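[1] my questions concern the predicted model and sequence given below.
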Amino acid sequence: MSRIGRMPIAVPAGVTVDIAENNHVTVKGPKGTLERTLPSEMDIKMEGSEVTVTRPNDLKRNKSLHGLTRTLINNMVLGVTEGYTKVLEINGVGYRASKSGNKLTLNLGYSHPVEMIDPEGLESAVEGNKITIKGIDKEKVGQYAAEIRDKRRPEPYKGKGIKYADEVIRRKVGKTGKK
């Protein structure tokens with residue numbers, strides 16, 4: 001049995017979970033609404049203030065979908081109650097970020113500034129060399145953070161570039177001169 005899959009999901013007060021046919025789950029909470037169609041093999045039930053996910057049999061596909069389905073619903077519940085944030089750091093001389101409206105402008109040592117528009121449902125904020133991305137959909141927050149990071153990944157010699165706040169860059173030793 002999947003250890004994660006069989007754990008019930010506690011639904012806090014102020015959050016409603018609707019399970020329509022075809023396993024279309026809608027979660028409404030104080031921060032917004034999230035919808036997702038989950039695998040139809042899984043059996044999702046609302047019991048009181050808890051959501052449980054069960055699988056019909058022990059086929060490999062159903063085993064792998066069991067924990068995934070439970071985690072996706074849990075992420076939706078957490079998203080509409082607390083929301084998700086990702087923090088990125090910009091390191092490097094002359095590397096800057098600025099924000100105007102929903103447009104994020106990055107100066108990353110290229111001949112041109114890189115402009116990115118915040119996706120719908122997400123908001124980004126710039127404080128000094130930190131970029132904070134906030135939203136209710138974990139997947140979208142992570143994807144947008146990854147796209148920003150991809151504009152200039154951290155390099156291993158000086159650590160210049162955009163990195164996650166909790167990321168550790170493995171450093172390399174530079175060249176040594178002739179003797």
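    Ah, there it is. Residues are numbered from 1 along each chain as shown.
[2] now the residue lying closest to Asn23 once chain neighbours are set aside: how far from Val93?
    Closest residue in space to Asn23, ignoring its immediate chain neighbours: Leu38 at 4.4 Å, by CB to CB, 6 or more residues apart in numbering. (C-beta placed from N, C-alpha, C; glycine too.) Separation of Leu38 from Val93 (CB to CB, to the nearest Å): 47 Å.
[3] out of the two, which sits in the more crowded spot?
    Neighbour count, other CB atoms under 10 Å: between Leu38 and Val93, Leu38 has more, with 20 against 7.
[4] next up, the contacts around that one.
    Contact partners of Leu38, counting by CB atoms under 8 Å, 6 or more residues apart in numbering, are 23-25, 44, 69, 72-73.
[5] just to revisit the earlier point, quick check on the residue nearest to Asn23: phi, psi?
    Leu38 adopts backbone torsions of phi -100, psi 170, taken as degrees, to the nearest 10.
[6] measure it to Gly67 for me?
    In terms of CB to CB, Leu38 sits 12 Å off from Gly67.
[7] can you give me the helices in the protein?
    60-81, 138-150 (DSSP state H).
[8] now the longest one: mean pLDDT?
    Looking back up the chat, that one is helix 60-81. For helix 60-81, mean pLDDT is 94.
[9] so how far is that helix off the chain centroid?
    Distance of helix 60-81 from the chain centroid (CA atoms, centre = their mean, to the nearest Å) equals 14 Å.
[10] export stretch 58-77 to CSV, keeping only CA atoms.
    Extracted in CSV, the C-alpha atoms of stretch 58-77 (Å, rounded to 0.1, in the frame of the first residue of the first chain):
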residue,chain,number,x,y,z
ASP,A,58,-2.5,-3.3,-7.2
LEU,A,59,-1.5,-2.9,-10.9
LYS,A,60,1.8,-1.0,-11.3
ARG,A,61,0.0,2.0,-13.0
ASN,A,62,-2.5,2.3,-10.2
LYS,A,63,0.2,2.0,-7.5
SER,A,64,2.1,4.9,-9.1
LEU,A,65,-1.0,7.0,-9.5
HIS,A,66,-2.2,6.5,-6.0
GLY,A,67,0.3,8.6,-4.1
LEU,A,68,0.4,11.2,-7.0
THR,A,69,-3.3,11.8,-6.9
ARG,A,70,-3.4,12.3,-3.2
THR,A,71,-0.4,14.7,-3.3
LEU,A,72,-2.0,16.7,-6.2
ILE,A,73,-5.2,17.2,-4.2
ASN,A,74,-3.2,18.1,-1.0
ASN,A,75,-1.2,20.7,-3.0
MET,A,76,-4.5,22.2,-4.2
VAL,A,77,-5.8,22.4,-0.7
